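Peer 1: Next input, structure requested:
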Amino acid sequence: MTADPIPALESLGYTDREAAFLYLVASHSGYFLRRQFDYFTDRNKGSIVMRFLEKASLAGHIESLDYKQGWHVYHIASRTIYRLLGDPESQLRRRKGDAQVRARLMALDYVLENEGDRCLLSGEERLRFFAEVRHISPGLFTAKDGTLHPLLASFPISLADSARPTHSLVRFAFIDEGLVTVEKFLRFLSVADPLLRAVGNFEMVYAAVSDSHFDEAKAAFWKRFAGDRRRSPRLFDEGLRSVAVQPHVPLQPRFTTLLLGYSYPILQRSEVRGSARVRN
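Peer 2: From the prediction side, this is the model:
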């Protein structure tokens, strides 16, 4: 995507803030809650969000999913919106299961709370950044078909310093939507390992609504990266292709836990509000 999609979205009848919110959601999650629109526009409930929801619903750009007990999740399912973002067949248009919807909503909260970061939005932008800006061999982060590995495309990736993209710390967020074990996180680390080592200066953020897996995730992370800061990145892609070894870069790993203090549909009602970040 080369053109600015905001004016194009405004041409559909949205205000600049509404268009910016649609762009953010369609780029990161595909799903949103009413409170997330309020957060983005710095409004606390009222006619503004109702006008936006009515406008988007009547235009056929969003659909409302009733999760009962007063919960409604809104899904940007319109091909028109994604076409204006350059990806009319985006997987975010597709209906997801409850766990995936919850993960998408959590990812959006993460992005909203870290608005100071420069997020790498599309798979295309991530491919271009790692290959052309950081000069990392695509074989370290792509699948067999040359696209970004699905696990690396599923979670937020951002730059802490947008003014210095060649040297900025890169943040990789893993979203735990209520997992029973840390097995998915271990798979993510296994897939991301070569890319993380090639990036060198990176932070892994483990975001969840419960701290039950924080200690185990922290131990797994440091078991993989502590005391191993000079090792070259391993090749992956199951050995089916030859991948050039990356030039050595100092390994500077960081691990942070983020307790998201928001409520989501079909979650326990005892959750607190607000977020607490702890660097380990």
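Peer 1: Does residue 30 touch residue 78 like I think?
Peer 2: No - taking contacts as Cβ atoms under 8 Å, residue 30 lies outside contact range of residue 78: 10.7 Å. No exception for glycine: its C-beta is placed from N, CA and C like everyone else's.
Peer 1: which neighbours do the two share?
Peer 2: residue 93 (Cβ atoms under 8 Å, 6 or more residues apart in numbering).
Peer 1: Neighbour count: those two, which is higher?
Peer 2: residue 30 (26 against 20; other Cβ atoms under 10 Å).
Peer 1: Contacts only, for that one.
Peer 2: 75-77, 90, 92-93, 96, 104.
Peer 1: Now with 10 Å, please.
Peer 2: Listed by Cβ atoms under 10 Å, 6 or more residues apart in numbering, the contact set of residue 30 reads 74-77, 81-82, 90-96, 100-101, 104-105, 107-108.
Peer 1: quick one, phi psi at it?
Peer 2: Per-residue torsions, residue 30: phi 80, psi -20 (degrees, to the nearest 10).
Peer 1: Spatially, and excluding backbone neighbours, which residue is closest to it.
Peer 2: Spatially, and ignoring its direct neighbours in sequence, residue 30 is nearest to residue 92 (3.1 Å; Cβ to Cβ, 6 or more residues apart in numbering).
Peer 1: My guess is the one you found contacts residue 77. True?
Peer 2: Yes - between residue 92 and residue 77 there is a contact at 8.9 Å, judged by Cβ atoms under 10 Å.
Peer 1: Overlap in contacts, the two.
Peer 2: Counting by Cβ under 10 Å, 6+ apart, the residues touching both residue 92 and residue 77 are 30-31.
Peer 1: Now do stretch 169-178, average pLDDT.
Peer 2: Mean pLDDT, computed over stretch 169-178, is 96.
Peer 1: Only alpha carbons, please: show that stretch as CSV.
Peer 2: Extracted in CSV, the C-alpha atoms of stretch 169-178 (Å, rounded to 0.1, in the frame of the first residue of the first chain):
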residue,chain,number,x,y,z
LEU,A,169,14.7,-1.7,19.3
VAL,A,170,12.0,-3.9,17.7
ARG,A,171,9.1,-5.0,19.9
PHE,A,172,7.4,-8.3,19.3
ALA,A,173,4.2,-8.8,21.2
PHE,A,174,2.8,-12.2,22.0
ILE,A,175,-0.9,-12.2,22.9
ASP,A,176,-2.0,-14.9,25.4
GLU,A,177,-5.8,-14.8,25.0
GLY,A,178,-6.3,-17.3,27.9
